[in-house]
Each structure stands twice: as structure tokens, then as C-alpha cells.
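*Asks:* Provided below for reference: sequence and predicted model.
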Amino acid sequence: MSLTTSVVTVCYNAAGTIAATVDSVRAQTWRPLECVVVDGGSKDGTQDVVKGYADIIGTVVSEPDCGVYDAILDFSPARVLPMAGDALSLAVMTIWTPVVLVMFSVLLEFLAYLAAMVGAVVLVFIILSGHWLGYWLIAVFFIAVFARAFEQRIALLD
């Protein structure tokens, strides 16, 4: 089974950083994937940068909100649909290594009972013989086991 992964990028006034984030999504070796951008009504030209990525960004939502955390928490179907993904990954101004979605999707396929997974990013500095050569980002997944039955019970409370 090949999961389609929807990558949602939440941003606000990110004209200087959104390109690097979307480029890292484009570089992912996992397919199929789609990219969704949720912008908090940026005023710095973020939308102009996003328009240049129409080949990979399928859905763009741009509306004022109460900040990045509000946008992250407000993933109601009306806000981010249409999304084709079987799985959802959130990239909040993140630069990923090309295999992050491979790791994410493989874990989801083998651990089908999971409703959520939480990850962290590690910045690795490469220094050889006292000279700084660059850095590499490595995603580390910490698996939070939320049974789907628990998720469904919470949904009933909403």
C-alpha cells in the first residue's frame, strides 16, 4: 500500500524562508505527496513566492488568523480541504532531509493503529579537521501511541 502524504506548511510573513521549506518538500524521495500552504494573511510577499511553486503546492489557504499556533490547531476540514493525503505531515518552516517522508510513511504503514506521531528535528554540524563544512538536518520520530479508538472517542466529545 502506498500512502499519499499531505504536507501542510503553516506560515506568516515568511517570504524569506518559505522557498527553502517547499524546496525540501519537493526534494522528498517519497511519492505520492501533495503540499498545502496555510498562510496567516502575510503582508511581506509570501504569496508571491508561493505562486512560484504551483507545480508542487496544490492548495493554498491565505486568511488572517491569531498566529502560527492558531493555524496549527485549526485544521478543520473546511480550512485545509481538498487534501488527497492518507497521512498528514506538518512542516512549520522546516527544512527536511530527502527521506523524512519515507521514514514517516513506513512507520505509519507498519504501525497502522497509530493516530498520531510526533517528531523532532536535529541540526547536525559537520566539522572536519577544525573546519566547518556545513550542516544536515535529521528528523527523529518519537512515536506517540494514540489508539484510533481513543481518537474517535475524543471526536465524539467535540
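*Replies:* All right, it came through fine.

*Asks:* Direction included, what does the helix or strand containing Val8 pair up with?
*Replies:* Using DSSP states H and E, Val8 maps to strand 5-11. Note on strand 5-11: by DSSP bridges, its sheet partners are strand 33-39 (parallel), strand 87-91 (parallel).

*Asks:* Determine the three-state secondary structure at Ser24.
*Replies:* helix (DSSP: H, G, I helix; E, B strand; the rest coil).

*Asks:* Can you give me the separation between Thr29 and Phe104?
*Replies:* Thr29 sits 12 Å away from Phe104, going by Cβ to Cβ, to the nearest Å. Where C-beta positions appear, they are placed from N, C-alpha and C, glycine not excepted.

*Asks:* And for Thr4?
*Replies:* For Thr4 relative to Phe104 (Cβ to Cβ), the value is 12 Å.

*Asks:* Among the two, which residue is more densely surrounded?
*Replies:* Phe104 (23 against 15; other Cβ atoms under 10 Å).

*Asks:* Correct me if wrong: the more buried one contacts Thr5.
*Replies:* Yes. Contact criterion Cβ atoms under 8 Å: Phe104 and Thr5 qualify, at 6.9 Å.

*Asks:* returning to that earlier point: tell me the mean pLDDT for the strand holding Val8?
*Replies:* Per-residue pLDDT over strand 5-11 has a mean of 83.

*Asks:* Show me the beta-bridge partners of Cys35.
*Replies:* Applying DSSP bridges to Cys35 yields these beta-bridge partners: Val7, Ile57.

*Asks:* tell me the contacts of it?
*Replies:* For Cys35, the contact set (Cβ atoms under 8 Å, 6 or more residues apart in numbering) comprises 6-7, 9, 22, 25-26, 53, 56-58.
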